[in-house]
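Colleague: When you get a sec, could you give me coordinates for this:
(2 chains)
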2 protein chains.
Amino acid sequence: MATATLTERAARKHGTVQVAQGACLPAAEDHGHGILHSTGLSVRLASRSGDLTSPTAGFAPGSIQANLIVLPSKYAFDFRNLCARNPVPCPLLAESSAPGRFDSFKSYIPGVPDHELFLISEDGSPAIDIRTDIPRYNIYRSGKLVESGCTDIREHWDKDDSVAFLIGCSFSFETALAEAGLTPRHVERGMNATMYRTNIPLCPAGVFRNSTYVVSMRPYKEKDIEAVRNITRAFGMTHGEPIDWGWDAVDRLGIRDIDVVQWGDGPVTVDGKKFGKARAGAMLDGAGKDDDEEVPVFWGCGVTPQEAVMRAGDRIEGTVIGHMPGHMLLLDVRDEKTRKQT
Amino acid sequence: MATATLTERAARKHGTVQVAQGACLPAAEDHGHGILHSTGLSVRLASRSGDLTSPTAGFAPGSIQANLIVLPSKYAFDFRNLCARNPVPCPLLAESSAPGRFDSFKSYIPGVPDHELFLISEDGSPAIDIRTDIPRYNIYRSGKLVESGCTDIREHWDKDDSVAFLIGCSFSFETALAEAGLTPRHVERGMNATMYRTNIPLCPAGVFRNSTYVVSMRPYKEKDIEAVRNITRAFGMTHGEPIDWGWDAVDRLGIRDIDVVQWGDGPVTVDGKKFGKARAGAMLDGAGKDDDEEVPVFWGCGVTPQEAVMRAGDRIEGTVIGHMPGHMLLLDVRDEKTRKQT
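Modeller: Numbers count the residues shown, from 1 in each chain, chains lettered A, B, ... in the order given. Next comes the predicted model:
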């Protein structure tokens, strides 16, 4: 079965967590990678217990995965507006049902009522505790990353004021790609996703201005791009079709070096070489344009809200919390629930 | 009353219509500029009769104004998706209730039922005929503008296949700006709006790719920008708050010369001088940065779909119709119906 294989691949050991800057709280050992995390609930429970601290690509195949941003309530209106104006990088799936609520969410997914976002365990465990149910988190103050890779944010949560927002994640359409024989490279190799800062401006909203898109990237053959566009187009709540593709897109997006990522793992060829370096080598060898050549394909990425928080800088007072990129919240909503007819 | 004054100003004679390229169908004399067009219906009826062929900024104050794009039905899905992915330049207000329907629309405006989009005249005239009710139209084939300024598109309408889409227009928030003492310059002077092509990429959707935002521009003083942002933010269905502002934004948007517009009338200072040339002169005179200095403020613009059609080129077969920029469709929906609490 394609789905089981997908989980097994992704469940390979991810090694140590890279922390770009800031302090890192002690993390639990990365237990549990040998076992399958087949449902959203099981991934949340394993994160809650501290057993799971790895990226989640390929976990609970067919379940919606979500990015997190937690803001003081006074920025909630501006943030909703940022999402409404930039639905490709920031598709808003759900938010805390009231300021301070870490255990109850209202759904913005058409056709999905609030109580279907998170299912309760048979042993009666709470369905969701957003303070513990993500493998790793990032903490920001005044737009600066001050801690990265925390496994628990209970001490940072304001019980009267914190509002958690859930943003769609492109991991959600990777099962559909795999079913079409187009398994993303990073899933196949059990790596984290590949993410870049770009120069594409976000439409500003209140306090959130001067920010740009973050994108995820997956290498695909030229000849497969229309199929990849067609498959992912249906997933409008989780970034939809790519925003750009091809080697020319690297320049258009203002990415200096395709081998240097800002979040996640660097991109590799099918045989594990550096993606950009291999391309440069092939160019030197006189390789021409070829439908079988792999080119970078870029999607909007739900790390964008964290970029927007950093760009807002001092304009945002108080603590902001995000997931650590690649380490997502698993919902119990199936991807077909958010898939549109095309 | 501010609103009557606004209409009177805009109702000044607009002179001859500039046609950038392509042939222009014979247009009726610009009668009717002395009379007030106080309701959406009266503007539609005057356009239908051929009496009104001018831009509509300031007409029927407080009524929603809309951009038009008419596509063969096979592109309707992609176009809806283009709007969903790019709601700032392309906020979708309504579309033909079925392919071929020019007289019946379904509403996408929250809280506005279909039958409230267009009111029927007391004399029993049809509420809407999209083929005649806009002052002037543009015709495209294979992405090329082939006719500009037509006053009637009945001969181009496919009764079995044409689908008309209505996109929000920033003229809709100009009444609110005027009520705050921030009347846009082009309304004050009875000119058409000021519109530019930019280098900001649209998120692609199916056949619509490689396109960029079109923006409208209004000069405002630095010190008024936060007020202007706050007022227009509420109008999410008609482009909302600006996407960028300040002289630096001209470069960021890839606009070569602020005095050279791609659609509408060139921008002017309060005393009618060329906006960019006056700024260059002031710089030479050693004027420093000043809160009273006017700077350009840019909003998403509903001419963007016409740009997207031109960029799609040969990928779009058949006839596409747009409004002539600045010459809008008036709805009978009041702006407060689309205004959000902020």
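
Colleague: Name the nearest residue to A:Arg154, sequence neighbours excluded.
Modeller: A:Arg131 (4.7 Å; CB to CB, 6 or more residues apart in numbering or on different chains). Quick note: C-beta positions are derived from backbone N, CA and C, even for glycine.

Colleague: what secondary structure does that neighbour sit in?
Modeller: A:Arg131 carries the three-state label coil when classified by DSSP: H, G, I helix; E, B strand; the rest coil.

Colleague: can you count the residues close to the closest residue to chain B within the stretch 51-200 of chain A?
Modeller: For the stretch 51-200 of chain A and chain B, the shortest gap (CB to the nearest CB) falls at A:Val88, measuring 4.6 Å. Using other CB atoms under 10 Å in any protein chain shown, A:Val88 has 28 neighbouring residues.

Colleague: for A:Pro89, helix, strand, or coil?
Modeller: Secondary structure, three-state DSSP: A:Pro89 is coil.

Colleague: For it, list the residues it contacts.
Modeller: Taking CB atoms under 8 Å, 6 or more residues apart in numbering or on different chains as the criterion, A:Pro89 is in contact with A:Leu202, A:Tyr213, A:Val214, A:Val215, A:His239, A:Gly300, A:Cys301, A:Gly302, A:Thr304.

Colleague: Do you know the pLDDT at the residue lying closest to the last one once chain neighbours are set aside?
Modeller: It stands for A:Thr304. With sequence-adjacent residues excluded and distances taken as CB to CB, 6+ apart, A:Thr304 is closest to A:Pro89, at 3.9 Å. The per-residue pLDDT reported for A:Pro89 equals 98.

Colleague: I figured A:Asn86 hits A:Pro204, correct?
Modeller: No: the criterion here is CB atoms under 8 Å, and A:Asn86 misses it with A:Pro204 at 9.4 Å.

Colleague: Tell me the helix or strand right after the helix or strand that contains A:Arg80.
Modeller: In the assignment (DSSP states H and E), A:Arg80 maps to helix A:76-85. Following helix A:76-85 in sequence order, the next helix or strand is strand A:92-96 (DSSP H and E).

Colleague: Could you tell me the angle between that next one and helix A:76-85?
Modeller: 170 degrees (axes from the mean of the first three to the mean of the last three CA atoms, to 10 degrees).

Colleague: Please name the strands paired to the helix or strand just after strand A:92-96 in the sheet, noting orientation.
Modeller: Going down the chain from strand A:92-96, the next helix or strand is strand A:105-107, by DSSP H and E. Strand A:105-107 sits in its sheet next to strand A:92-96 (antiparallel), going by DSSP bridges.

Colleague: Tabulate the CA atom coordinates of the strand it pairs with in CSV.
Modeller: The C-alpha trace of strand A:92-96 is given here as CSV (Å, rounded to 0.1, in the frame of the first residue of the first chain):
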residue,chain,number,x,y,z
LEU,A,92,-6.7,30.0,7.6
LEU,A,93,-8.1,26.6,8.7
ALA,A,94,-9.1,27.3,12.3
GLU,A,95,-8.5,29.5,15.4
SER,A,96,-8.9,29.3,19.1
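
Colleague: Quick one: mean pLDDT for it?
Modeller: Strand A:92-96 comes out at a mean pLDDT of 98.

Colleague: Distance check, A:Lys273 against A:Gly266.
Modeller: 11 Å (CB to CB, to the nearest Å).

Colleague: cool, A:Arg339 as well?
Modeller: Taking CB to CB, one finds A:Arg339 at 31 Å from A:Gly266.

Colleague: re earlier: what's the neighbour count on the residue nearest to A:Arg154?
Modeller: Using other CB under 10 Å: A:Arg131 sits among 20 other residues.

Colleague: Check A:Val146 too.
Modeller: 14.

Colleague: Would you check that it makes contact with A:Tyr137?
Modeller: No: counting by CB under 8 Å, A:Val146 does not reach A:Tyr137; the two are 11.6 Å apart.

Colleague: And for stretch A:72-79, what's in contact with it?
Modeller: A:69, A:71, A:95, A:99, A:158, A:161-163, A:165, A:205-208, A:305, A:316-320, B:342.

Colleague: out of those, which are buried?
Modeller: Burial by neighbour count, 16 or more other CB atoms under 10 Å in any protein chain shown: within those this picks out A:69, A:71, A:95, A:99, A:162-163, A:165, A:205-208, A:305, A:316, A:319-320.

Colleague: Can you name the residues of chain A sitting close to chain B?
Modeller: Proximity of chain A to chain B, by CB under 8 Å from any CB of the partner chain, involves residues A:77, A:81, A:84-85, A:87-88, A:200-201, A:203-206, A:229, A:233, A:236, A:240-244, A:252, A:300, A:342.

Colleague: let's see it at 6 Å
Modeller: A:Arg85, A:Val88, A:Cys203, A:Ile243 (CB under 6 Å from any CB of the partner chain).

Colleague: For chain A, which segments are assigned as helices?
Modeller: Secondary structure of chain A by DSSP state H: the helices cover A:2-10, A:40-48, A:76-85, A:174-179, A:185-188, A:225-233, A:247-252, A:275-284, A:304-312.

Colleague: Of those, which is nearest A:Gly62?
Modeller: helix A:174-179 (4.8 Å; CB to CB).

Colleague: other SSEs contacting that closest one?
Modeller: helix A:2-10 (3 or more CB pairs under 6 Å, 6 or more residues apart in numbering or on different chains; DSSP states H and E).

Colleague: Just give the closest residue to A:Val250, not the sequence neighbours.
Modeller: Nearest to A:Val250 is A:Ile258, by CB to CB, 6+ apart, at 5.6 Å.

Colleague: Check the residues of chain A next to chain B for burial and list the buried ones.
Modeller: Looks like those have A:Arg85, A:Val88, A:Cys203, A:Ile243 buried, using 16+ other CB under 10 Å.

Colleague: Give the closest residue to the residue of the stretch 151-300 of chain A found nearest chain B in space, chain neighbours not counted.
Modeller: Per CB to the nearest CB, A:Cys203 is where the stretch 151-300 of chain A lies closest to chain B, at 4.6 Å. Sequence neighbours aside, A:Arg85 is the residue nearest to A:Cys203 in space, at 4.1 Å (criterion: CB to CB, 6+ apart).
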